[in-house]
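Participant: Whatever this is, show me its structure:
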Amino acid sequence: MRFQTELVPARLIRRYKRFLADCVLDDGREVTAHCANPGSMMGLAEPGMRIWLEPNDDPKRKLGYGWRLVDHENGHFTGVDTALPNRAVKAALIAGQVPALSDYRTVRPEVKYGENSRIDFLLTQAGLPDAYVEVKSATLSRKPGLVEFPDSVTARGTKHLGELAHMARLGHRAVLLYLVQRTDCTAFAVAADIDPNYAAAFANARAVGLETLIISTQITPEQVTLGTELPLKG
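Facilitator: Numbering: from 1, shown residues only. The predicted model follows:
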């Protein structure tokens, strides 16, 4: 999936109010960018970090830039836009590019289910059980090569696990797809020390049939593409 406009490099000055980031462009101009990430962004929002911004000229938007990538300056990148995974996964599902789900022909986003919840994607196909697919963006890395989720306490994520577990008990496929938005990791783990309740809900959901898909990405300042599956540790 290509970025809509050409990204421009910058240095992060500070991230604040969760959704705002002050940055300095290579030409010395200081700008404020929208940060489409409500998480803690642990390890990804340190002042002075090399980042990439996407300019826009949409008059409906208050800010002229969106923060898209962290450049680790060693050939690796991390995507910080939490809206991107759903767009990328939707395109891959429609194109049949997720092998575990490639037999499904109908892909419906944002379908109501459970108790006041919406599933990211409901996949249906004659002769197959319905597949309820929830997508999460994984960017936290505290150990070399290991990506974790979540990066902060997530009551919403824990609720989603309960809803998925219920779907599995009813005989449907319940799938939690973690899209790893960083290129320097080769394995995934649940960050139980950050959110023990999420970790417990994850274990309980897997015990009743939750499927986990952990998919890597290939990231450049031009595009993000889905890669191969990564193993679950722990």
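Participant: Mind listing what's buried along the strand or helix carrying residue 85?
Facilitator: If you go by DSSP states H and E, residue 85 is part of helix 84-94. Neighbour counts over helix 84-94 (16 or more other Cβ atoms under 10 Å) mark 84-86, 88-90, 92-93 as buried. Glycine gets a C-beta too; all of them are placed from N, C-alpha and C.
Participant: now those as JSON lines including pLDDT and distance to residue 76?
Facilitator: Formatted as JSON lines, the buried residues of helix 84-94 follow (pLDDT from 0 to 100; distance: Cβ to Cβ, whole Å):
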{"residue": "84", "pLDDT": "96", "distance to residue 76": "17"}
{"residue": "85", "pLDDT": "96", "distance to residue 76": "18"}
{"residue": "86", "pLDDT": "97", "distance to residue 76": "23"}
{"residue": "88", "pLDDT": "96", "distance to residue 76": "18"}
{"residue": "89", "pLDDT": "97", "distance to residue 76": "21"}
{"residue": "90", "pLDDT": "97", "distance to residue 76": "25"}
{"residue": "92", "pLDDT": "96", "distance to residue 76": "22"}
{"residue": "93", "pLDDT": "97", "distance to residue 76": "26"}
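Participant: Dump those into CSV; add distance to residue 156 as well.
Facilitator: Below are the buried residues of helix 84-94 laid out as CSV (distance: Cβ to Cβ, whole Å):
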residue, distance to residue 156
84, 18
85, 15
86, 15
88, 21
89, 18
90, 20
92, 24
93, 22
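Participant: quick one: which of those is nearest residue 115?
Facilitator: Ranked by distance to residue 115 (Cβ to Cβ), the buried residues of helix 84-94 are led by residue 86 at 21.4 Å.
Participant: Beta-bridge partners for the residue nearest to the closest one when sequence neighbours are not counted, please?
Facilitator: Sequence neighbours aside, residue 135 is the residue nearest to residue 86 in space, at 5.4 Å (criterion: Cβ to Cβ, 6 or more residues apart in numbering). Residue 135 has these beta-bridge partners by DSSP bridges: residue 177.
Participant: Enumerate every residue touching residue 135.
Facilitator: Residue 135 sits next to 85-86, 89, 120-121, 177-179 when contact means Cβ atoms under 8 Å, 6 or more residues apart in numbering.
Participant: Which parts of the protein are helices?
Facilitator: Applying DSSP state H to the chain gives helices spanning 84-94, 155-169, 196-207.
Participant: Now do the domain split for the protein, please.
Facilitator: Here the domain assignment for the chain is 8-79, 84-229, based on automatic domain parsing.
Participant: Just give me how far the longest one sits from the chain centre.
Facilitator: What that stands for is domain 84-229. Relative to its parent chain, domain 84-229 has a centroid offset of 9 Å by Cα atoms, centre = their mean, to the nearest Å.
Participant: Tell me which of the helices of the chain sits nearest to residue 25.
Facilitator: Taking Cβ to Cβ, helix 84-94 is the member of the helices of the chain nearest to residue 25, at 22.0 Å.
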